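Undergrad: have a look at this prediction, sequence included:
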Amino acid sequence: MAKEIINKFGISQADAKEILEIALSTGGEFAEVYMESTLNENISAMSGKIQNITTSKVSGAAVRVIKGDMAVNASVTECSVEKLKEVAKQLSESFNGEKTTNVEPFVEKQIKQITKTITPRYENFDFEVELINKATKVAFEYSKEIIQVSCTTFKKIQEMFVFASDGTWQGDTRDNTRFTVNAIASDGKSMQNVAYGWGMNQGMEMYDNIDVEKYAHEAAHDAVEMLHAEDMVGGDIPVVINNGFGGVILHEACVHGLEATSVAKNQSVFCGKLGQKIASDIVNAVDTGVDENEWGSINVDDEGTPSQKNVLIENGVLKSYLVDKRNAKIMNHPVTGNSRRETYKYQTTSRMTNTYFLNGTSTFDEIIQNTKYGLFAKSMGGGSVNPATGEFNFAVNVGYLIEDGKITRPVKGATLVGSGKDILFNIDMIANNLSCSQGMCGSLSGSIPTNVGQPTIRVSHMTVGGKGGN
Amino acid sequence: MNYQAIIEKGLSLGLTEIELFESSSISNQITYFQNQVNTYTLSNTKTLSMRGKYNGQMGYASTEDFSDEGINQCLNCVLMNAKYLSSTDVDFMFEGGATYQEVTNQKADFEDVSFDEKVAFLKNLEQRLINFDKRVVNVELDFIEKASKQRIINSYGIDLEKEYSYMVFYAQVVAADGQNTAAKFEAGVGTKFKELDADEVYNKITKSVIDSLGAGFVETGKYPVVLSRDVASSIISAFSRVFSGEAAMRKLSILTDKVNTLVFGENITIINDPFTDMALFKESFDDEGVPCQTIEVVKDGVFTGFLHNLRSAKFFNQAPTGNGFRRGASTSASPINLHVKEGNYSEEDMIKSIEKGLLITDVQGLHAGLNPISGNFNVQSTGFVIENGKLSRPVTLFVLSSNFFEMLNMVEMIGNNTEPNFNGVASPSLKIKEVQISGK
């Protein structure tokens, strides 16, 4: 794997050693070079017409030198040996000591490839156009109130290679493929839209196992349902959050606060909590980059560390943070294989991969039956969090009221807000129907593919916003 | 790079029109934490975007590989992408012949300032913030300098260039009193290093972070509210796509059938002003080479018409308005330097006018909690309770719910305190008659 990729960048081990030696010449303790060549292909269609196809090629390199707590980085579009030497020299000028660290011999670790691609892309777009036509037709046929259907296909083939003074010599190819259908319903007075889709770190064979028509039908159904839904009445009430994308609650409310970017600087409410209870006893959560071909999976992270499964919360107790090489030293915590970046233009740092709550012992039906009044959040939108305070928000795209243990009326426009350190303790039921959904997570090192997931959970009470009521 | 040769090559492949858009930037960032430089990041990047027309359809591609092979691949992608399009849009490029209003954007002087001087600036600010109050537990500062250049060249002979440069510094301060934690963020921006206003950022952030400590809850209900200028700007920015001709073409703007009708309160005027001093950068032309112009998009509450790029202008059989800006690899019609016309009130006047209500100082989650089509939005909010014309206590974790159109029909007072920001949309503080608040 490594040889195949590094050959494309035209850098030999001798060149690599020389670049790193220059970077370390003034006392740096660690030096690293990251290179990438990425092809993005995105198709967008509106009501079956292919409106836009964009192809973009991203290629460049980033050099980093670390000494003590200080890191210096440079990103350059030009990726030649000469340019990298020049940049290494420039970065070394940030320090003025004697050389203390030698470059270790490069060793490529043999890693089990957990993402396998057979056909990264087709030579033309016939296949995607057919998928788009199928999905569009189904959504329009669902109802006359569907006035617009947009579909997008997303393809990102990222080849990266990283070498570093600690002997790192690793490459990886990430092949993210995704399809989304967005149905827009209108009754002439207002509009509602709902989007569904699927994505994996896999080639075009992903489409053998998914049914785009199913997503189109569900999006159209839910858009029409939300069009006629009442506005949610706000308040502090029980909330049942559905499986799949409902896991965005774990992502926002908790795990952003477990990333070393905020923990190492004491900017998270979860600082100093390892081994302590941060959630109710029934809560178990993991971040794992090694689920086969999943959207957020990677063979190695952007520092060349093999990806792994990290148990974050076990029976309510915090077990691990998400930590990259630089912060591992600062935090005295093992490296967890979570260092990621959107492109070479961003500094790599600790990020999520596939993050989810594990199954509990209840069933979905039991949770609904045991809820006298509350909100059932069937489908979640995005959200955000401030790790320093733990305050988070996220939008409910498709919601229903629960009354007397039954799902009754659809409600629209609900938003959930809360504090991460409280909400985890308020999870009082967890179902056994774990599933995951795809998202793009935006943070310090750019926008990266991550899976969120969970079984259906109940939060005993949280603040729900909505414009309904008097 | 020989752009003319690339254009010739594109034409020889069968493209009937071709445009190149080169974007390059140099950006350096210092992160200062715990009395030392924590990270220093240099970036020097360049992207060449192309679009070309084949058989009436416009294909797009971009590359960072400037070898002959990379350029040829990019041209071939433009061609193949165009061949697959089935859009009914009429796409074309600007043929020139326009006159442009000259604008002057000051060049930032960061190259004349040493690294040590910038570090000293951060060190001094950090010390002041840490020493301000013992409840301040965490301070992180960033200093970013950026110079970017864009060049547009097309097969009709358009060859235009624009440059921007600036410095910005950010302060994040966390305060804790043992029970509660508050975190605030402020930025200062400018082009002259000596004029960067550390005092203003210091004053704003120290006040807001300490005032916010011990924030409580607010009861669910309907309240009159004052939206701070940052909050008002963020909300209007999040909905600014309703003015886009491109959104209207796709039936994705709720204003589609509302041209020349009263859509907001008669006290609301919103101006697309590429030349305004309310914005950080002035624009002479858009990313398609069309001259920018000042347009009152909403005048006394009446929506006067959409902002167009070449494509949406053609669709509505109108003149382009110079609003074709690139987003990623493609272009769309979007506002430039939008601002709400100021009123006569200070934020204090607004607070004084409220017996029981809220001042909203911060909103989070606009990217997720709004429906750009219906105008409904729900956002996580932070602020203060107003009682008898005075701020009484800080509150957090409540949800402000409204509808963009309803809200701008209920503006009772408009502030006189607009400031330029990075949103591209500037508003003064606004007092809203009533919004729904969900809390405890």
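TA: Thanks, I have the structure now. Numbers count the residues shown, from 1 in each chain, chains lettered A, B, ... in the order given.
Undergrad: which residues of chain B score low on pLDDT?
TA: Confidence mapping of chain B against pLDDT under 70 gives the ranges B:329.
Undergrad: would you map out the domains in the chain?
TA: Picking chain A for this. In the assignment given by automatic domain parsing, the structural domains of chain A cover A:126-160+A:170-228, A:233-467.
Undergrad: oops, chain B please
TA: For chain B, automatic domain parsing gives the domain ranges B:110-146+B:161-212, B:215-440.
Undergrad: among the ones you listed, which is nearest A:N201?
TA: Go through the domains of chain B one by one with Cβ to Cβ and the one that ends up closest to A:N201 is domain B:215-440, at 21.8 Å. Where C-beta positions appear, they are placed from N, C-alpha and C, glycine not excepted.
Undergrad: count of neighbours near A:M352?
TA: A:M352 sits with 27 neighbouring residues when counted by other Cβ atoms under 10 Å in any protein chain shown.
Undergrad: then the one 4 residues further on?
TA: Residues within reach of A:Y356, counting by other Cβ under 10 Å, total 29.
Undergrad: got it, and A:G10?
TA: The burial metric for A:G10, expressed as a neighbour count using other Cβ under 10 Å, is 11.
Undergrad: how about it: what's its closest non-neighbour residue?
TA: Once its chain neighbours are removed from consideration, A:G10 has its nearest residue in A:V81; the separation is 7.5 Å (Cβ to Cβ, 6 or more residues apart in numbering or on different chains).
Undergrad: check B:G157 too.
TA: Nearest residue to B:G157 in three dimensions, chain neighbours excluded: B:G96, at 5.9 Å (Cβ to Cβ, 6+ apart).
Undergrad: I figured A:T38 was touching A:E159, is that so?
TA: Yes: judged on Cβ atoms under 8 Å, A:T38 makes contact with A:E159 at a distance of 7.1 Å.
Undergrad: show the model's pLDDT score for the residue located most distally from the centre of chain A.
TA: Each residue of chain A has a distance to the centre, and by Cα atoms, centre = their mean the biggest one is for A:E98: 40.9 Å. The pLDDT attached to A:E98 in the predicted structure is 94.
Undergrad: again with the one 5 residues further on
TA: For A:V103, the model assigns a pLDDT of 97.
Undergrad: which helix or strand contains it?
TA: Following DSSP states H and E, there is no helix or strand that holds A:V103.
Undergrad: wait, it sits on A:W169?
TA: No: proximity of A:V103 to A:W169 does not meet the contact threshold set by Cβ under 8 Å, at 11.0 Å.
Undergrad: and A:T100, how many neighbours?
TA: The number of residues packed around A:T100, counting by other Cβ under 10 Å, is 11.
Undergrad: and it, what does it touch?
TA: Contact analysis of A:T100 by Cβ atoms under 8 Å, 6 or more residues apart in numbering or on different chains lists A:24, A:27, A:29.
Undergrad: for A:N327, which three-state class applies?
TA: With DSSP: H, G, I helix; E, B strand; the rest coil as the basis, A:N327 sits in helix.
Undergrad: out of the domains of chain B, which is closest to A:T343?
TA: domain B:215-440 (12.8 Å).
Undergrad: sorry, back to before: from the contacts of A:T100, list the buried ones, please.
TA: With neighbours counted by 16 or more other Cβ atoms under 10 Å in any protein chain shown, those contain buried members at A:24, A:27, A:29.
Undergrad: can you list which of those are found in helices?
TA: Cross-referencing the buried ones among the contacts of A:T100 against helices under DSSP state H gives A:L24.
Undergrad: can I get the buried ones among the contacts of A:T100 in a markdown table including pLDDT?
TA: Putting the buried ones among the contacts of A:T100 into a markdown table (pLDDT from 0 to 100) gives the following:
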| residue | pLDDT |
| --- | --- |
| A:L24 | 98 |
| A:G27 | 96 |
| A:E29 | 97 |
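Undergrad: thinking again about what came up before, and the domains of chain A, which is most packed in?
TA: Scoring the domains of chain A by mean neighbour count under mean count of other Cβ atoms under 10 Å in any protein chain shown gives domain A:233-467 as the most buried, with a mean of 22.
Undergrad: wait, does that domain make contact with chain B?
TA: Yes: using Cβ under 8 Å from any Cβ of the partner chain, domain A:233-467 reaches chain B at A:234-236, A:265-267, A:269, A:345, A:347, A:381-384, A:386, A:388-395, A:412-415, A:417-419, A:463-467.
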